[in-house]
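K.L.:
Turn this into a structure:
(chains A and B)
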Amino acid sequence: MFWGSRKTINMNYFPDEVLEHVFDFIRSHKDRNSVSLVCKSWYKIEKYSRQKVFLGNCYSIGPERLIARFPGLKSLTLKGKPHFADFNLVPDDWGGFLYPWIKAMAKSRIGLEELKLKRMVVSDKSLELLSKSFPNFKSLVLVSCEGFTTDGLAAIASNCRFLKELDLQENEVEDHRGHWLSCFPESCTSLASLNFACLKGEINLASLERLVARSPNLKSLRLNRAVPFDTLQRLLIRAPQLVDLGTGSYVHDPSSEAYNKFKAAIQSCKSIRSLSGFLEVAPCCMSAIYPICENLTFLNLSYAAGLQSNELTKLIQHCKRLQRLWILDCIGDKGLGVVASTCNELQELRVFPSDPFDAGNAAVTEEGLVLVSEGCPKLNSLLYFCQQMTNAALITVAKNCTNFIRFRLCILNPIKPDPVTNQPLDEGFGAIVRSCKGLKRLSLSGLLTDQVFYYIGMYAKKLEMLSVAFAGESDKGMLYVLNGCKKLRKLEIRDCPFGDAALLEGMGKYETMRSLWMSTCEVTLGACKMLAKKMPNLNVEIINETEQTDSNLDDSQKVDKMYLYRTLVGHREDAPEFVWLL
Amino acid sequence: MSSPLLGVEEEVQSNVSSPSVDCGLGLKERNYLGLSDCSSVDSSGVSSLPDNNKNNLNLKATELRLGLPGSQSPKRETELCLLNLGKLDEKPLLPLLPSKDGICSSSQKNVVTGNKRGFSDTMDGFSEVKGYVYTQKSWMLREAGSDSESPQSVGHGKYPGNSGVNVILSVRSLGAQASVKKEEPANVLQKQPRATNGTNLKQTDIANNKSGAPASRAQVVGWPPVRSFRAKTLASSSKNNDEVDGEPGPAALFVKVSMDGAPYLRKVDLSTYSTYRELSSALEKMFSCFTLGQCGSHGAAGKEILSQSKLKDLLHVSEYVLTYKDKDGDWMLVGDVTWE
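P.N.:
Modelled structure (predicted):
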């Protein structure tokens, strides 16, 4: 370069292979994206060397363009439906279909090896095509997906010769009770992770045992409810190297021979660090687990409805090294006190409602949370369903734990104020955002005014995702957030009095975000139309579940559900009738 | 594409062809539940109620009423009502007509009605509501009809406590039955170990056992924000655990089961099963020890005579068939008669 000192080394003097090797060390998507923006040659090198791509919204770009952009693609993560689809706010056929992606990749020469999907509609046809099109396919992870049956799984098992990972988390799978597990050929010995806990039907137990026996690399095994205790015991004998175990049915007679065998088997599993399952559980059998508890770093009892608080606490008292705990609220405040005193390494806590209908005596309150915050200073991730919350408690928690990255509070009664002072919870949440400078994800609940949004806009500078329900008083609330949270990527709002003014004023911001969801707010059709017109890089979708057609509605009518997201490919072609693309 | 359960929900909702009949959602369900009232239970995707007017006319006869058990509640401010809970007391297990096969097959566009800004309506009466109930999809009793004609929403808190609970009962049972339907002609809404919507059963217990009701609750779609998969799973597994902990159903039907060549007989509680397939697979498991020669849960040590796979093949090839002796003393093949 003309002006630089001769001593400056220009990286472009290095051959491409060297740069490529350097880029290999850059793993984070954000960083790789930045690298590709530096100059043309870096763009090119990065483009051909990129193997992993993450698409937080499958409609932001089309499969053909993705393949053209990253021809070396090996690992793809796709997310489909908006987050509120988890709570039945999005009708079933809204979209998020996997098939077009598989079809496009199969046609091209993409050597897909890993596929991770969340909230997508996955058909058996797409699974079959997937299994036949990519000879090196290794890993399939499906989270909260639907649309497939065990026949699709059979295709994966039969055809993916080098399958390492089949991980099904909380999917709605139609169980045809075919012997999909038996479809793994005898030659398949590469399995490292098998999770079929969400399946409801029977499986061939003998096939399962043989499969585990011939999979020396198996580290993670999560069974479904149909796998009985006997089989569990035999599987443990065959796989003492397991690191992650999800039990099937954990019901047995503690005086029986099989139970003794199980106790012996589990003790030899010295590598187990993660334990889950217990959908069916006989409390008297839990003591067999105690010997491995001291090594556990992750314990997921969030489906163990059969365990009462005292059984839970007895178990947890053995888990001194726990880092992540997922539990039901029947543990109670006292039980959380035991967690606080035992699990000092705890980083993540999730307390789920055991009975959302009846938050009676079993629920937890602000007391439990305060206790945990006192005992577990490393806490950085929280999901807490509770009966009630106070400002004082939140302020205390904020003081005790300043490391929160994720803070999701759900008071079962959505607009409940502080029961002690009868005030809204603005101050409490304000304390959280002020104190936790690294907060990336926040979910609010309880009685809240515009003030909480003022605090969020002022202090939550790293916030990326915000979920709001039944909160706020006026457009000002939403505007505080849109103007203040510079890093905001996802905003989802339901049942808040935010309207057109806020929506339109934030126009410029939406292209910097992944998506915005607003349902049952004060937004009108006219405003949505205007937004869509002015921002061609946004898809503005109205989900209309009545039978009203376009002509019936006038612009002043409020929309029930609006979902907008940035995109490079314009309107999607697979939208059903009830979705209007403005 | 969707699971049978979701298919049913779609089915139900698709029968409501106009927003003015939000309660059509509930109506569709009522038809199934109010079997004694309504003979027009249809199993096809096309509603037997040809138009909305008919829906409205049928209101009286097959209304879902929110009321205390046993009471014919005079306060029927909303058109959405639950089956008289008195009926539930007598017959906690709601029979399902066999002609349900059609439900799952024709899945139509999911027109979700009644899912409007119900909460803003309920906001008015909010102070009267003591709590919230999570509900699947939009099967809520928030409004009867569209926004304009919503008479009372649940939030007005005029309903006695059990109401919300029992509404879910009626609503869920449909889904549960349909999902079982896919597998087996299950006709009785019994305790179903495989039911994905078992919350209904829990509520049955509440309805039956407790006359004092929990606090009246409004129902809000998607609240609390719990993944539907989790809600369904917890509901059905908590039901299972009740059994496991030794609380038998209201009527435990123990029968003796003997296997040819086995040294002793077993007893099974028929009320814990709801399909023949469940019963037969449970019996398979129970008697597997005899064929294998080892008894896991029975404490008897033994040698493996046959490998497990062979056993499975044996039983699947039906080398053994299930038969029973009926009241006339005749040996009958299990499976001919409907489960009830």
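
K.L.:
so where's chain B uncertain?
P.N.:
Applying pLDDT under 70 to the predicted model, the residue ranges of chain B that meet it are B:1-219, B:238-255, B:262-264, B:267, B:269-275, B:285-320, B:327, B:338-340.

K.L.:
try 80
P.N.:
Segments of chain B classed as low confidence (criterion: pLDDT under 80) are B:1-220, B:235-340.

K.L.:
Let me see the confidence value for the residue of the stretch 251-400 of chain A found nearest chain B.
P.N.:
Using C-beta to the nearest C-beta, the single residue of the stretch 251-400 of chain A nearest to chain B is A:G306, 3.3 Å away. (C-beta placed from N, C-alpha, C; glycine too.) What the model reports as pLDDT for A:G306 is 86.

K.L.:
again, but for the one 3 residues further on
P.N.:
At A:S309, the predicted lDDT confidence score is 90.

K.L.:
Can you dump the C-alpha atoms of stretch A:449-469 in CSV for me?
P.N.:
Output for stretch A:449-469, consisting of C-alpha atoms alone and laid out as CSV, is shown next (Å, rounded to 0.1, in the frame of the first residue of the first chain):
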residue,chain,number,x,y,z
THR,A,449,-47.0,0.1,33.3
ASP,A,450,-45.0,2.1,30.7
GLN,A,451,-42.4,2.7,33.4
VAL,A,452,-40.9,-0.8,33.1
PHE,A,453,-40.3,-0.2,29.4
TYR,A,454,-38.7,3.1,30.2
TYR,A,455,-36.2,1.2,32.4
ILE,A,456,-35.7,-1.5,29.8
GLY,A,457,-35.0,1.0,27.1
MET,A,458,-32.6,2.9,29.4
TYR,A,459,-30.7,0.0,30.8
ALA,A,460,-31.0,-3.2,28.8
LYS,A,461,-28.5,-2.3,26.3
LYS,A,462,-27.5,-5.8,25.4
LEU,A,463,-31.1,-7.1,25.2
GLU,A,464,-31.8,-9.2,22.2
MET,A,465,-35.1,-10.8,22.9
LEU,A,466,-38.1,-9.4,24.8
SER,A,467,-41.4,-11.1,25.4
VAL,A,468,-44.2,-9.0,26.7
ALA,A,469,-47.8,-9.9,27.7
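
K.L.:
where do the strands sit along the stretch 351-500 of chain A?
P.N.:
Along the stretch 351-500 of chain A, the stretches classed as strands by DSSP state E, counting those that start in this stretch are A:381-386, A:406-411, A:441-443, A:465-469, A:490-494.

K.L.:
How about the last one and chain B, touching?
P.N.:
I take that to be strand A:490-494. Yes: Strand A:490-494 reaches chain B (C-beta under 8 Å from any C-beta of the partner chain) through A:R494.

K.L.:
Check whether A:L181 really touches A:V212, as I assumed.
P.N.:
No: at 10.4 Å, A:L181 and A:V212 do not qualify as touching, with contact defined as C-beta atoms under 8 Å.

K.L.:
Leaving out the residues flanking it, which one is nearest to A:N300?
P.N.:
The shortest distance from A:N300 to any non-neighbouring residue, by C-beta to C-beta, 6 or more residues apart in numbering or on different chains, is to A:S276 (3.6 Å).

K.L.:
what residues are up against A:N224?
P.N.:
Contacts here follow C-beta atoms under 8 Å, 6 or more residues apart in numbering or on different chains; on that basis A:N224 touches A:196-200, A:203, A:248.

K.L.:
which of these lies closest to chain B?
P.N.:
Sorting the contacts of A:N224 by how near they are to chain B, with C-beta to the nearest C-beta, puts A:K200 at the top with 6.0 Å.

K.L.:
Could you measure from A:D426 over to B:D336?
P.N.:
Note on A:D426: its distance to B:D336, by C-beta to C-beta, to the nearest Å, is 66 Å.

K.L.:
higher neighbour count, these two?
P.N.:
The neighbour comparison of A:D426 against B:D336 (other C-beta atoms under 10 Å in any protein chain shown) goes to A:D426, with 23 against 7.

K.L.:
Correct me if wrong: that one contacts A:Q451.
P.N.:
Yes: A:D426 is within contact range of A:Q451, at 4.0 Å (criterion: C-beta under 8 Å).

K.L.:
and A:A501, how many neighbours?
P.N.:
Counted with other C-beta under 10 Å, A:A501 comes out at 16.

K.L.:
Contact partners for it?
P.N.:
By C-beta under 8 Å, 6+ apart, the contact set of A:A501 is A:D475.

K.L.:
Below-threshold pLDDT in the stretch 251-400 of chain A: ranges please.
P.N.:
Within the stretch 251-400 of chain A, the set of residues satisfying pLDDT under 80 comprises A:355-363.

K.L.:
Name the residues of it found near chain B, please.
P.N.:
For the stretch 251-400 of chain A, the residues found near chain B under the criterion C-beta under 8 Å from any C-beta are A:251-253, A:256-258, A:279-283, A:302-303, A:305-306, A:328, A:352-360, A:385.

K.L.:
Could you turn the buried ones of these into a ChimeraX selection?
P.N.:
Here is the ChimeraX selection string for the buried members of these, based on 16 or more other C-beta atoms under 10 Å in any protein chain shown:
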select /A:251,252,253,256,257,258,279,280,281,282,283,302,303,305,306,328,352,353,354,355,356,357,358,359,385
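
K.L.:
so who does the residue nearest to A:T421 when sequence neighbours are not counted touch?
P.N.:
Computed as C-beta to C-beta, 6+ apart, the closest residue to A:T421 that is not its neighbour in sequence is A:N391, at 6.7 Å. Going by C-beta under 8 Å, 6+ apart, A:N391 touches A:418, A:421, A:423, A:425-428, A:431.

K.L.:
Which helix or strand contains A:L112?
P.N.:
Under the criterion DSSP states H and E, no helix or strand holds A:L112.

K.L.:
Just to check, it is in contact with A:L78?
P.N.:
No: if you go by C-beta under 8 Å, A:L112 and A:L78 don't touch, sitting 11.7 Å apart.

K.L.:
Can you tell me the number of residues neighbouring the residue nearest to A:V372 when sequence neighbours are not counted?
P.N.:
In space, not counting the residues next to it along the chain, A:V372 is nearest to A:A340; the distance is 4.8 Å by C-beta to C-beta, 6+ apart. Look at A:A340: counted by other C-beta under 10 Å, it has 21 neighbours.

K.L.:
gap between A:A340 and A:C376?
P.N.:
For A:A340, the distance to A:C376 under the criterion C-beta to C-beta works out to 6 Å.

K.L.:
how close does A:S190 sit to A:T150?
P.N.:
Following C-beta to C-beta, the distance that separates A:S190 from A:T150 is 21 Å.

K.L.:
mind saving the C-alpha coords of stretch A:520-529 as CSV?
P.N.:
Extracted C-alpha coordinates of stretch A:520-529, given in CSV (Å, rounded to 0.1, in the frame of the first residue of the first chain):
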residue,chain,number,x,y,z
THR,A,520,-54.3,-8.6,20.4
CYS,A,521,-52.8,-5.1,20.5
GLU,A,522,-54.2,-1.9,19.1
VAL,A,523,-52.6,-2.1,15.7
THR,A,524,-54.8,-1.5,12.7
LEU,A,525,-54.8,-3.0,9.2
GLY,A,526,-54.1,0.3,7.7
ALA,A,527,-50.9,0.8,9.6
CYS,A,528,-49.7,-2.6,8.7
LYS,A,529,-50.3,-1.9,5.1
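
K.L.:
What is the nearest of the contacts of A:N224 to A:L463?
P.N.:
Sorting these by how near they are to A:L463, with C-beta to C-beta, puts A:C198 at the top with 31.3 Å.

K.L.:
Contacts only, for that closest one.
P.N.:
A:168-171, A:173, A:224, B:229, B:233.

K.L.:
Can you tell me the SS state at it?
P.N.:
Here A:C198 is recorded as coil under DSSP: H, G, I helix; E, B strand; the rest coil.

K.L.:
Stretch A:94-111 close to chain B?
P.N.:
No: Stretch A:94-111 stays clear of chain B (C-beta under 8 Å from any C-beta), getting no nearer than 8.9 Å.

K.L.:
Name the residues that touch that stretch?
P.N.:
Counting by C-beta under 8 Å, 6+ apart, stretch A:94-111 makes contact with A:58-59, A:63-64, A:67, A:71, A:73-74, A:76, A:78, A:80-81, A:85, A:112, A:117, A:119-123, A:125-126, A:129-130, A:133-134, A:136, A:543, A:572, A:574-576, A:579, all of which sit outside it.
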